[in-house]
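Participant: I'd like to go over a predicted model; first the sequence, then the structure.
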Amino acid sequence: MLGPSPADFGRDLYDPTVELDIRLGCIRETRSFFANFVAVQCTRPAQVYGAKRVDDLESICFMWWDLWPEQGPHESSRDSDAVDSAVLDALTAIASLPSVACIESALHGLGHRHARQAQRTEEIISSMLRQSSGWPPELVRYAEAALRGAVQ
C-alpha cells in the first residue's frame, strides 16, 4: 500500500472523484492498523528516531506520514477540509495507544501537519504532553519539537 506502486494512495485521499466516505473510512482504519499491528509488532521501549538500529517495520511506521499527501498549505475545499480533519483525528487516536512506536509515529505526522493546521496540531500535542508522565525523555523532546512543527 505504501511505496512504489501503480496506485497512488496519497493522491487518492484528496481525489474528489473518489467517494468521500470511502476516503474517510480509509483514513479512520489507520488507527486499527496501528493498534492491531504496529503496537503488537513494534515493542521497542524507546523511540525510533535517532536510534542506531531500526528494522524495516519500525522505519516505515515512523515514516508512514511522510508518504501521505498534502502536508503543506493548500487551497481549502469541503473535501480537503474533511480529509485533513480525519487525518488529525486518526493521529490523535494513534497517539493514545500504549506504544512508543505509535506515539512517535503520531507525533511525526502531527509535526508534518503543523504547517497546514497549526492550531489544532498544537492543541493535540499539548494535550499529549500533559499526559506524558511515562514517556522516555527523548520522546518528550520529540513532542516539543513537533509542537513547533520542527520534526524531520
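Facilitator: Perfect, thanks for sending it.
Participant: going forward, measure contacts and count neighbours with C-alpha atoms only.
Facilitator: Fine.
Participant: quick check: which element contains residue 57?
Facilitator: Using DSSP states H and E, residue 57 falls within helix 56-63.
Participant: what residues are up against residue 92?
Facilitator: By C-alpha atoms under 8 Å, 6 or more residues apart in numbering, the contact set of residue 92 is 106, 124.
Participant: ok, now how distant is it from residue 123?
Facilitator: Going from residue 92 to residue 123 by C-alpha to C-alpha, to the nearest Å gives 10 Å.
Participant: same question for residue 24.
Facilitator: From residue 24 across to residue 123, the span is 22 Å (C-alpha to C-alpha).
Participant: cool, and residue 35?
Facilitator: Look at residue 35 and residue 123: by C-alpha to C-alpha, they are 23 Å apart.
Participant: the nearest residue to residue 65 once chain neighbours are set aside: neighbouring residues, count only.
Facilitator: Leaving out its chain neighbours, the residue that sits closest to residue 65 by C-alpha to C-alpha, 6 or more residues apart in numbering is residue 109, at 5.0 Å. Residues near residue 109, counting by other C-alpha atoms under 10 Å, number 26.
Participant: on that earlier part again, how far off centre is the helix holding residue 57?
Facilitator: Offset of helix 56-63 from its chain centre (C-alpha atoms, centre = their mean, to the nearest Å): 12 Å.
Participant: rewinding a little: residue 24 and residue 123: which has the busier surroundings?
Facilitator: Counting neighbours by other C-alpha under 10 Å for residue 24 and for residue 123 shows that residue 24 has the greater number, 19 against 12.
Participant: now do the contacts for the residue nearest to the spatial centre of the chain.
Facilitator: Against the mean C-alpha coordinate of the chain, by C-alpha atoms, centre = their mean, the closest residue is residue 109 at 3.3 Å. By C-alpha under 8 Å, 6+ apart, the contact list for residue 109 reads 64, 65, 66, 91.
Participant: and the gap between it and residue 62?
Facilitator: Applying C-alpha to C-alpha, the value for residue 109 to residue 62 is 9 Å.
Participant: mind naming the longest helix for the chain?
Facilitator: If you go by DSSP state H, the chain has its longest helix at helix 78-95.
Participant: next helix or strand past it?
Facilitator: For helix 78-95, the succeeding helix or strand toward the C-terminus, using DSSP H and E, is helix 100-113.
Participant: does anything pack onto the following helix or strand past that next one? Which helices or strands?
Facilitator: Downstream of helix 100-113, the next assigned helix or strand under DSSP H and E is helix 118-130. Applying 3 or more C-alpha pairs under 8 Å, 6 or more residues apart in numbering; DSSP states H and E, we find helix 118-130 packed against helix 78-95, helix 100-113, helix 137-147.
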